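>>> when you get a sec, could you give me coordinates for this:
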Amino acid sequence: MTSRMAGSSHSGLHARLLNEIGLSIVRGELIPGDQLPNGDDWSASYGASRTGLREVVKVLAGKGMVEMRPRTGTRVRPRKDWNFLDPDVLLWRFGSRTTAEEARSLFELRRAIEPTAGALAAERASPEQIAELRALLEEMEQAGDDGERFAVPDLAFHQAILHMSGNELIGSLAALIETALVISFRLSDDNPDGQRHSLSLHRQIVENIEKRDPAATSKVLIDLLDGAEEDVRRSLAARLGRQK
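Model (predicted):
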């Protein structure tokens, strides 16, 4: 989780170079059709080998961001071809320049996944899984308004619900939701209200899953996401005010 909070799911020199190029593309410093800078320049700037640079380019190509051609070199692909569900691309997109309108798309994605997963969890979760969820809730209660401590069990709480759905396809979205949550934490880490106010909703989610009430579980998850989005909006507005 620490590496994702810093801006990538990778680490080390490879991550630095990957982040540099990825961010340059997402920020529009390199636009579709542009050729990537000379490999020798990148290698010299980061102390990376040409082999290492080629590996980074292959990773970017796998994310749909660049294409490699024999005679024209490596060029940036149109934005519509990028895989925005890729964890790194998500992190690059929602950086320090994120606006409230851009953040809305992140929560629209979460609303499309988590309430349905919660409803299924209410139907299918085992007693052991529910006990695990309650233990994570207790960790969040102990963390209170300590955002850094709160984030770890909160992340595990939301990932657990995906797995409790009993649907392997939904469970496979855990890494995506992890990234979306990390972005949410990063965008609202200076929220003056802290995180304690969300505890009652987390508690209701656990109780509704225990009661085997899919509709109520789904509704509370939507309420929780609405509140999280509002936290992000307030934090972004506060940052904007400080910059003026």
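>>> D226: helix or strand, and which one exactly?
Using DSSP states H and E, D226 sits in helix 214-243.
>>> low-confidence stretches in this protein?
The chain contains residues with pLDDT under 70 at 1-11, 96, 189-194, 241-244.
>>> ranges for the strands of it?
66-69, 73-76 (DSSP state E).
>>> looking at the ones you listed, which is nearest to Q35?
strand 73-76 (4.9 Å; Cβ to Cβ). C-beta coordinates here come from the backbone N, C-alpha and C atoms, glycine included.
>>> next, the buried residues of the helix holding D226.
214, 216-221, 224-225, 228-229, 231-236 (16 or more other Cβ atoms under 10 Å).
>>> who are the neighbours in contact with N167?
A117, L120 (Cβ atoms under 8 Å, 6 or more residues apart in numbering).
>>> from L36, how far out is the residue lying farthest from the centre of the chain?
Within the chain, R71 marks the point farthest from the mean C-alpha position, 36.5 Å out by Cα atoms, centre = their mean. As judged by Cβ to Cβ, to the nearest Å, R71 and L36 stand 15 Å apart.
>>> what do you get for A112?
34 Å.
>>> could you do E132 as well?
45 Å.
>>> show me which of the two is the more surrounded one.
L36 (21 against 17; other Cβ atoms under 10 Å).
>>> what residues of stretch 149-164 count as buried?
For stretch 149-164, by 16+ other Cβ under 10 Å, it's 150-151, 153-164.
>>> again, but for stretch 33-45
Buried, per 16+ other Cβ under 10 Å, within stretch 33-45: L36, G39, W42, S43.
>>> centre of the chain to that stretch, how far?
28 Å (Cα atoms, centre = their mean, to the nearest Å).
>>> start at 41, not 1
Got it, the first residue is 41 from now on, which makes the last one we talked about stretch 73-85.
>>> what's in contact with that stretch?
Here stretch 73-85 has contacts from 57, 60-61, 70, 88-90, 92-94, 97, 106, 112-116, using Cβ under 8 Å, 6+ apart.
>>> now, which of those residues lie within helices?
Cross-referencing the contacts of stretch 73-85 against helices under DSSP state H gives L57, E60, I61, R90, G92, L93, R94, V97.
>>> measure the fourth one to A152 for me?
Put plainly, it is R90. Separation of R90 from A152 (Cβ to Cβ): 42 Å.
>>> which among the buried residues of stretch 189-204 gets closest to L160?
Nearest member of those to L160, counting by Cβ to Cβ, is M204, at 7.7 Å.
>>> can I assume that closest one is in contact with A161?
Yes: using Cβ atoms under 8 Å, M204 is in contact with A161, at 3.8 Å.
>>> which neighbours do those two share?
In contact with both M204 and A161: Q169, I249, using Cβ under 8 Å, 6+ apart.
>>> list the contacts of stretch 52-69.
Contacts for stretch 52-69 (Cβ under 8 Å, 6+ apart): 43, 47-48, 50, 70, 76, 82, 86-88, 92-93, 95-97, 99-100, 103, 105-106, 116, 128-129, 132-133, 135, 137.
>>> alpha carbons of that stretch, as PDB, please.
Taking Å, rounded to 0.1, in the frame of the first residue of the first chain, the C-alpha atoms of stretch 52-69 are listed here in PDB:
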ATOM      1  CA  GLY A  52      12.800   1.200  -7.200                       C
ATOM      2  CA  LEU A  53      14.600   2.700 -10.300                       C
ATOM      3  CA  HIS A  54      12.100   0.900 -12.600                       C
ATOM      4  CA  ALA A  55       9.200   2.700 -10.800                       C
ATOM      5  CA  ARG A  56      10.900   6.200 -11.000                       C
ATOM      6  CA  LEU A  57      11.400   5.900 -14.700                       C
ATOM      7  CA  LEU A  58       7.900   4.400 -15.200                       C
ATOM      8  CA  ASN A  59       6.300   7.200 -13.200                       C
ATOM      9  CA  GLU A  60       8.300   9.900 -15.000                       C
ATOM     10  CA  ILE A  61       7.200   8.800 -18.400                       C
ATOM     11  CA  GLY A  62       3.700   7.800 -17.400                       C
ATOM     12  CA  LEU A  63       3.000  11.100 -15.600                       C
ATOM     13  CA  SER A  64       4.400  13.100 -18.600                       C
ATOM     14  CA  ILE A  65       1.900  11.400 -20.800                       C
ATOM     15  CA  VAL A  66      -1.100  11.700 -18.500                       C
ATOM     16  CA  ARG A  67      -0.300  15.400 -17.800                       C
ATOM     17  CA  GLY A  68      -0.100  16.100 -21.500                       C
ATOM     18  CA  GLU A  69       3.600  17.000 -21.600                       C
END
